[in-house]
Structures are given as structure tokens and as C-alpha cells.
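Build me a model:
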Amino acid sequence: MYRQGYGYLIIMFVMILALTACSSSSIHDFNSGETATTKVKQEDTVYYPDKKADKAKNVVSADPKPLQDEDFEVFYQSHKIDKNTDIKELIRKWGYGEGYDNFNRGYVSGNGTYRRWSLSYPKYEDPEIDFVVLSKIELDGEELVDGESYLVAVSLENPKYKTKRGLKIGDTLGKVLQLYGQPTTVTNKSLVYSKNGLHLDVYWDTKTEKVDHIFIEYNMEKSVEQQRSGDYVEEDAQPDPDLEPYTIQKEQSFTTTLNGWGKVRFVSTLKDEETNNLIQGKFFLEVNSDKYVEKKILYEFPEFYGNNGRMIDKIKAVGFKDLNQDGRTDIVIIADYITGVNAHGIETLPVAGIYFQKKDNTYTTLPKLDKNINQTGHNQTLQNVIQYVSKQRINVQ
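Okay, the predicted model is just below:
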């Protein structure tokens with residue numbers, strides 16, 4: 001009896017230990033689940049790079065380390081890539097990459113002086129990494145060859161290669177904000193982090209809300225200036241919205257009839273200003289006639305009020321109406337501008353501006369009126385703007 005009771009006690013003791021272990025394991029699992037949930041919530045936290053500081057404090061790593069030059073370095077096959085990377089050394093080490101000749105020797109653009117091209121590894125068809133290079137064209141006997149060359153930018157094309165802080169393709173926007181904090185610039189498809197002429201451009205897929213492209217610029221400004229200096233440009237050439245740096249907004253471009261101009265094409269465009277990286281709205285009147293094979297710019301409108309220090313996401317609405325009852329056609333523009341970014345993409349607000357037609361048929365703006373329209377919130381729709389302006393006394397000469 002004694003032995004049987006002793007054995008029973010041992011069994012009971014073992015069962016208590018097992019239950020204790022299970023309980024401990026359950027607690028550990030619960031805490032892990034809570035931590036994971038917290039991380040998800042933190043990644044979804046809204047991040048505002050402008051004035052909404054209260055919510056910005058909730059972002060994971062709300063105070064990431066300031067950017068350093070080394071944050072723009074990457075490593076490919078244990079080789080450090082930075083703004084001083086020797087292109088010829090890369091070629092000596094890895095060659096030109098499979099498919100170099102089939103892809104027109106990596107050609108991107110050029111003129112008689114410079115050639116912009118890509119050096120892709122391990123192959124051009126499906127690269128892991130892509131180096132953008134600018135080379136001065138030199139003559140070797142009767143053959144044109146790449147002379148002095150330098151690294152313009154590098155593009156990470158495969159998730160196994162990360163930035164210095166660990167960002168890779170496939171990461172969420174929340175992860176970007178977690179690692180880098182407030183971006184220097186926000187566009188409708190990318191976050192840009194800049195320091196000392198170096199730029200880390202993080203592009204995302206608007207459907208998956210994940211990083212799909214990482215582009216690091218080392219000597220972009222220098223390359224643009226050098227390549228442009230080798231281009232031949234006619235002094236009297238008119239800007240053409242069909243060419244860079246203008247991108248036509250087709251849904252907000254219309255054929256219309258305006259006083260003094262007749263039947264014309266009103267063209268809405270977005271222009272990427274190289275000087276400050278802000279996407280700006282720009283508007284033109286264009287010839288509307290089948291007899292012109294090439295479009296001709298008749299008139300370039302004054303600066304759009306909505307450009308005032310803002311990054312334009314899109315041109316939202318355009319309206320043609322005589323707003324001040326002077327018999328001339330005025331033009332109302334509403335655009336969306338970017339106010340911030342969160343884990344799901346960009347956030348926008350509307351901004352309106354008006355072009356009033358003068359007696360000589362050109363157009364002008366009234367910045368004070370534009371400011372009042374936007375400060376009072378009468379900028380949501382064309383009807384909002386028209387109703388507000390109809391109550392004002394406006395005299396344009």
C-alpha cells in the first residue's frame with residue numbers, strides 16, 4: 001500500500017509540472033501574439049511629415065538616427081558600392097553582365113559627348129542589381145568607346161540585397177517609416193530621403209502597398225548637367241508637353257474655344273522640377289489643327305497657385321467659365337497635393353487656383369483671392385469655387 005501511494009504521488013507531481021510548463025508556454029505564446037499585434041498596429045500607424053506631430057509620435061522608432069553618408073552605401077557580392085565606386089573596377093571584377101550586347105550595350109540615352117547606360121548583374125534580362133553610368137564618349141581609332149565614367153545611381157532589383165538599414169523589396173511602407181522616419185520628399189509613388197546630394201528613392205506598389213523598387217542616386221545632378229550641356233537646343237524652341245519634363249494629364253486636357261484664341265487645346269501637365277524635386281502643375285494652350293503634324297505651344301500660363309511649396313499629386317478638375325461677368329473666359333483649376341504618407345500610401349488635400357483672362361486675352365492670377373478660396377475651404381469642387389468667387393468684386397484689366 002505504501003509503495004502504491006508513493007507511486008501515485010510521483011505521478012501527480014509530474015502532472016503538476018507538465019501543467020505548469022504548459023501554462024508557462026501559453027503565457028509566452030500570448031505575449032508573443034501581443035507583441036506581433038503591436039507590431040502590426042505600429043506599421044499601420046499614420047505618419048505625417050508635416051504638421052500632425054501628435055500622430056507622428058506613435059510611429060515605431062519615431063526618432064530614427066539622422067541620415068549619414070554611409071546610409072546610402074550598399075553591398076553587392078561583398079563589394080561596397082558608394083558615390084566613389086570605380087566603374088572600371090566593377091567591370092574588371094564581374095565583366096559587363098550577361099546580355100550586355102543584346103541590350104544595346106545597356107544604352108539609356110546620349111548625345112555626341114556623353115552616353116548614359118546601365119551595367120546589370122548577373123544578367124540584363126532579370127538583374128539583381130543595376131548600375132546607372134555616365135561615360136564620356138571617346139574615339140579609339142575608328143571606334144567609339146566609353147572614356148571617363150562614373151556611377152550615377154544604383155537600383156536594387158532583388159529582395160536579397162538590402163540598404164544599410166536593412167530595407168529591401170517587399171517590405172511594407174510601415175517598415176520604411178520605421179527605419180528612416182520622416183522623408184525629405186513625398187511623391188505619388190515614392191518616398192525620398194536626401195543628404196549632401198545623395199538620394200534614397202523608395203518606390204512602392206500602390207496595390208500591394210509594399211516596396212517594389214529601391215533607387216539610390218549618387219551623382220544624378222552632375223550627370224544631368226553634363227549630359228544636357230552636350231545637347232544642342234535651339235534658342236527659340238518652345239516647350240513641348242509631349243516631351244520631358246512634362247507629363248500630360250490627358251483626363252484634364254480639353255479642346256475648347258477661348259476669346260481671342262479661337263479653338264485651342266488646353267493642356268494640363270505635371271512637371272518634375274529638378275531644382276527642388278517638387279512635382280508641379282503646368283498649363284498650356286496648344287494649336288488644335290490637323291494640318292500641324294507637330295503640336296505647337298501658343299501660350300504658357302502663369303505659375304499655378306497650387307504649386308506654392310507643394311508636391312502636386314494630380315490635376316483633379318478644370319473648369320471654363322466667365323467668373324467676373326466681363327465677357328471673357330476664366331479658368332478654374334483644382335489639384336490634389338500631397339500632405340503626408342502612411343502605411344497604405346499617400347494622403348492628399350485639394351488646392352484651387354484661378355486664371356482670369358485679361359483684355360489682351362492673356363491670363364493672370366490673383367494670389368490673394370486664391371489664398372482666401374483655399375483658407376475658407378471653398379476648394380473642394382468647381383461649384384464650390386464658382387459660388388465663392390461669384391460673391392466677390394473682381395476687376396481684371
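
Just give me the neighbour total for Gly377.
10 (other Cβ atoms under 10 Å). (Glycine included, C-beta is placed from N, CA and C.)

so it sits in a helix?
No. Counting by DSSP: H, G, I helix; E, B strand; the rest coil, Gly377 is not part of a helix but coil.

got a list of what it touches?
Each residue near Gly377 by Cβ atoms under 8 Å, 6 or more residues apart in numbering is listed here: Asn384.

Can you tell me how far it is from Ala352?
According to Cβ to Cβ, to the nearest Å, Gly377 and Ala352 sit 10 Å apart.

now swap in Glu286 and tell me
Glu286 is 23 Å from Ala352, by Cβ to Cβ.

Give me the more crowded residue out of those two.
Counted by other Cβ under 10 Å, Glu286 and Ala352 do not tie: Ala352 has more neighbours, with 25 against 22.

was I right about the more buried one contacting Ile333?
Yes. Ala352 sits in contact with Ile333 when judged by Cβ atoms under 8 Å, with a separation of 6.8 Å.

any shared contact partners between these two?
Joint contacts of Ala352 and Ile333 (Cβ under 8 Å, 6+ apart) are Gly306.

Look up the closest residue to Tyr337, ignoring the ones flanking it.
Arg310 (4.0 Å; Cβ to Cβ, 6 or more residues apart in numbering).

what about that neighbour, how many neighbours?
20.

Likewise for Lys93?
Neighbours of Lys93 under the rule other Cβ under 10 Å: 11.

Might you report the residue contacts of it?
Contacts for Lys93 (Cβ under 8 Å, 6+ apart) come out as His79.

Need the three-state assignment for it.
Under three-state DSSP, Lys93 comes out as helix.

Kindly report the same for Leu200.
Secondary structure state of Leu200, per three-state DSSP, is strand.

With His344 as the reference, measure out to it.
21 Å.

With Arg92 instead?
With distances taken as Cβ to Cβ, Arg92 is found 45 Å from His344.

Neighbour count for the two, which is higher?
More crowded of Arg92 and His344, by other Cβ under 10 Å: His344, with 14 against 9.

Look up the closest residue to that one, ignoring the ones flanking it.
Glu209 (5.3 Å).

Over to Leu139?
Leu139 sits nearest to Val145 (Cβ to Cβ, 6+ apart), 7.6 Å away.

So in that sheet, which strands flank the helix or strand encompassing that neighbour, and in what orientation?
For Val145, the element it lies in under DSSP states H and E is strand 143-156. According to DSSP bridges, strand 143-156 forms sheet pairs with strand 129-140 (antiparallel), strand 210-217 (antiparallel).

Distance from the next helix or strand after it to the middle of the chain?
Next helix or strand after strand 143-156 toward the C-terminus (DSSP H and E): helix 173-180. Relative to the centre of its chain, helix 173-180 is centred 15 Å away, using Cα atoms, centre = their mean, to the nearest Å.

what's the average pLDDT for helix 173-180?
Helix 173-180 carries an average pLDDT of 93.

So for that helix, what gets flagged as buried?
Of the residues in helix 173-180, 173-180 count as buried by neighbour count, 16 or more other Cβ atoms under 10 Å.

Give the other helices and strands that it contacts.
helix 2-44, strand 190-195, strand 198-205, strand 210-217, strand 330-342 (3 or more Cβ pairs under 8 Å, 6 or more residues apart in numbering; DSSP states H and E).

and these, which one's lowest on average pLDDT?
Among the helices and strands packed on helix 173-180, helix 2-44 carries the lowest mean pLDDT (a mean of 37).

picking up where we left off before, which of the strands paired with strand 143-156 sits most buried?
strand 210-217 (a mean of 20; mean count of other Cβ atoms under 10 Å).

Contacts for it next, please.
Here strand 210-217 makes contact (Cβ under 8 Å, 6+ apart) with 72, 74, 152-157, 163, 167-173, 175-176, 198-205.

following that strand, which helix or strand shows up next?
Heading C-terminal from strand 210-217 (DSSP H and E), you reach helix 220-229.

any idea of the angle that next one forms with strand 210-217?
Counting by axes from the mean of the first three to the mean of the last three Cα atoms, to 10 degrees, helix 220-229 lies at 70 degrees to strand 210-217.

Of all the residues in helix 220-229, which ones are buried?
220, 223, 226-227.

Repeat that for stretch 113-132.
114-121, 124, 127-132.

of those, closest to Arg265?
Nearest to Arg265, judged by Cβ to Cβ, of the buried residues of stretch 113-132 is Arg116 at 32.3 Å.

Which strand or helix spans the closest one?
strand 114-121.

orientation of that strand relative to strand 129-140 in degrees?
Between strand 114-121 and strand 129-140, the angle comes out at 140 degrees (the same axes, to 10 degrees).

so what are the domain limits for the protein?
69-223, 234-390 (automatic domain parsing).

could you redo these as CSV and give each row distance to Val396?
Below are these laid out as CSV (distance: least, Cβ to Cβ, whole Å):
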stretch, distance to Val396
domain 69-223, 33
domain 234-390, 4
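
mean pLDDT lowest for which of the ones you listed?
Looking at those, the bottom one is domain 234-390 with a mean of 86.

Helix, strand, or coil at Asp71?
Going by three-state DSSP: Asp71 is helix.

gap between it and Thr257?
54 Å.

of these two, who's got more company?
Asp71 (19 against 11).

Quick check: closest non-adjacent residue to that one.
Lys164 (4.9 Å).

for Gln226, same thing?
Tyr114 (6.0 Å).

That neighbour and Ile334: what is the separation?
Relative to Ile334, Tyr114 is positioned 41 Å away (Cβ to Cβ).

just the helices in the stretch 251-397 of the chain please.
367-375, 382-390 (DSSP state H, counting those that start in this stretch).

which one of those helices is the most hemmed in?
helix 382-390 (a mean of 17).

Gly174 and Trp204 touch, don't they?
No. Gly174 is beyond contact range of Trp204, at 11.1 Å (criterion: Cβ under 8 Å).

List the contacts of Ile354.
Ile354 makes contact with 305, 323, 330-333, 365-366, 369-370, 373, 385, 389, according to Cβ under 8 Å, 6+ apart.
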